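Visitor: Below: sequence and its predicted model.
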Amino acid sequence: MKKINKKNLVVLTMGDPSGIGTEITIKSWKSKKIKTPFFVIHDPSYVEKIIKKMGVKVKIKIIDHPKDALKYFKNYLPVFAIKIDKKTKLGFPNKKNSRSILESINKAVYFVKNGDATSMVTNPISKEIINKIQKNFKGHTEYLAKKDKQKAFCMMMINSKIKAVPLTTHLPLKKVSQNISEKLIVETSQLIHKTLKKDFKKGNPKIAITGLNPHSGDKGVIGDEEKKIIIPAIKKCKKRKIRINGPISADSAFISSNLKTYDAFLCMYHDQALIAAKVIDFENTVNYTAGLSYVRTSPDHGTGFDISKKFIANETSLISAINTSILISKNR
């Protein structure tokens, strides 16, 4: 029997129902590694269908209000009901579910902003499917920040050894250099500094910043973004009492001594940050959106359409995302 902390409550979105989100949600509830109640916004009949296919003994309970999850979580997986397309199949993304996927996200935002839930955790989605009805949808991070009316926000990849932040997120690589600016680096560094103090209780945080080019530009020989943009931004940050060092060449930024020295790494683009975090600990890495008025995390992987019918998905990252969201909520 689970020992439940009823002071907190997490709301999970369903993600794309054709992917592994439903499976890992079921596995996470069954794992007994989560001591805080959660509920998922999903189609109850579909959740039961997946439970049956998985061959596991899990009972669900349809709830009318988030607080009902507190009563039932010990013995049931609580589900706040919405509808998805009846022809939904694992492994085959269904554009008819676009509105339901967004509805799940929007309801979760409502619950967490309204105080009905302590934090929200988002299951993986397909940007291609969401773009069928939400043009220029780049991902959860940007969508939630816009919905929350936040201009200063960032994606922070977290595990026990590293906190890595990409300065630019879901951009084609050819557009990265033109989207890096002194102002963005300073604003993001300030947000990381504030987040480390507020959400992770780091008293005097220390940040490392990577270069954009190989060898951090070799003093302008292999690119001048470091000289013209990154180094001036670092100087401004230091004037604002932010402990930040760099630019450090990305190929050596994440050596063990640096992981022990720095509380966070500000990287120039998506893969610089995410490759480092995932190589260090793929299964336990969590995606955290810093800068929102509420706490939102997610697992570090995608929809897994290719394995969704095999029921071999690993739920560890989702469990970490749920537990991390509660840790941050408590720190706040």
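Guide: Yep, it's here.

Visitor: Quick check: phi and psi at K87.
Guide: Dihedral pair for K87: phi -90, psi 10, per degrees, to the nearest 10.

Visitor: How about the contacts made by it?
Guide: N94, K96 (Cβ atoms under 8 Å, 6 or more residues apart in numbering). All C-beta spots, glycine's among them, are computed from the backbone N, C-alpha and C.

Visitor: before we move on, what about T303?
Guide: By Cβ under 8 Å, 6+ apart, the residues touching T303 are G15, D16, S18, G19, I20, G21, P93, P124, I125, S126.

Visitor: now T168
Guide: The contact partners of T168, taken as Cβ under 8 Å, 6+ apart, are K175, V176, N179, I180, M268, Y269, H270.

Visitor: wait, doesn't the fourth one sit right on D224?
Guide: Pointing back at I180 there. No. Between I180 and D224 there is no contact under Cβ atoms under 8 Å: 11.7 Å.

Visitor: Compare these two and say which is more crowded by neighbours.
Guide: Ranked by neighbour count (other Cβ atoms under 10 Å), I180 and D224 place I180 first, with 19 against 14.

Visitor: confidence score at the more buried one?
Guide: pLDDT, I180: 96.

Visitor: Distance of it relative to I312?
Guide: Distance from I180 to I312, counting by Cβ to Cβ, to the nearest Å: 39 Å.

Visitor: How about F282?
Guide: Distance of F282 to I312, given as Cβ to Cβ: 15 Å.

Visitor: Kindly report the same for I51.
Guide: According to Cβ to Cβ, I51 and I312 sit 16 Å apart.

Visitor: same deal with K163?
Guide: Distance, K163 to I312, by Cβ to Cβ: 29 Å.

Visitor: Looking at these two, which is more packed in?
Guide: Set K163 next to I312 and count neighbours by other Cβ under 10 Å: K163 wins out with 25 against 10.

Visitor: Quick check: phi and psi on the residue lying closest to D300 once chain neighbours are set aside?
Guide: Nearest non-adjacent residue to D300, counting by Cβ to Cβ, 6 or more residues apart in numbering: T285, 4.1 Å away. Backbone geometry at T285, expressed as degrees, to the nearest 10, gives phi -80, psi 140.

Visitor: and T285, how many neighbours?
Guide: 27.

Visitor: Over to N106?
Guide: Count around N106 with other Cβ under 10 Å applied: 14.

Visitor: Next: the one 3 residues further on.
Guide: Using other Cβ under 10 Å, V109 has 22 neighbouring residues.

Visitor: Could you do the one 3 residues further on as well?
Guide: By other Cβ under 10 Å, 25 other residues sit near V112.

Visitor: can you tell me the helix or strand for it?
Guide: V112 belongs to helix 98-113 when assigned by DSSP states H and E.

Visitor: what packs against that helix?
Guide: Here helix 98-113 touches strand 10-13, strand 38-42, strand 119-121, helix 127-130, helix 140-147, going by 3 or more Cβ pairs under 8 Å, 6 or more residues apart in numbering; DSSP states H and E.

Visitor: can you list the ones you listed in JSON lines and add distance to D306 and mean pLDDT?
Guide: Formatted as JSON lines, the helices and strands packed on helix 98-113 follow (distance: least, Cβ to Cβ, whole Å; pLDDT from 0 to 100):
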{"stretch": "strand 10-13", "distance to D306": "21", "mean pLDDT": "98"}
{"stretch": "strand 38-42", "distance to D306": "22", "mean pLDDT": "98"}
{"stretch": "strand 119-121", "distance to D306": "23", "mean pLDDT": "98"}
{"stretch": "helix 127-130", "distance to D306": "15", "mean pLDDT": "90"}
{"stretch": "helix 140-147", "distance to D306": "21", "mean pLDDT": "92"}
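
Visitor: can you redo the ones you listed as JSON lines with distance to N106?
Guide: Below are the helices and strands packed on helix 98-113 laid out as JSON lines (distance: least, Cβ to Cβ, whole Å):
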{"stretch": "strand 10-13", "distance to N106": "9"}
{"stretch": "strand 38-42", "distance to N106": "9"}
{"stretch": "strand 119-121", "distance to N106": "11"}
{"stretch": "helix 127-130", "distance to N106": "12"}
{"stretch": "helix 140-147", "distance to N106": "8"}
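
Visitor: For P299, find the nearest of the ones you listed.
Guide: P299 lies closest to strand 119-121 among the helices and strands packed on helix 98-113, at 8.1 Å (Cβ to Cβ).

Visitor: who's in contact with that closest one?
Guide: Here strand 119-121 makes contact (Cβ under 8 Å, 6+ apart) with 8, 10-13, 38, 108-109, 111-112, 294-298, 318, 321-322, 325-326, 328-329.

Visitor: Generate a ChimeraX selection restricted to the buried subset of these.
Guide: This is how ChimeraX selects the buried members of the contacts of strand 119-121, with burial counted by 16 or more other Cβ atoms under 10 Å:
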select :8,10,11,12,13,38,108,109,111,112,294,295,296,297,298,318,321,322,325,326,328,329
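
Visitor: Walk me through the domains of this protein.
Guide: Per automatic domain parsing, the domain ranges recorded for the chain read 1-150+292-332, 152-289.

Visitor: The spatially most central residue of the chain: what secondary structure?
Guide: The chain has N287 as the residue nearest its centroid, 2.7 Å off, counting by Cα atoms, centre = their mean. Put simply, N287 is strand when judged by DSSP: H, G, I helix; E, B strand; the rest coil.
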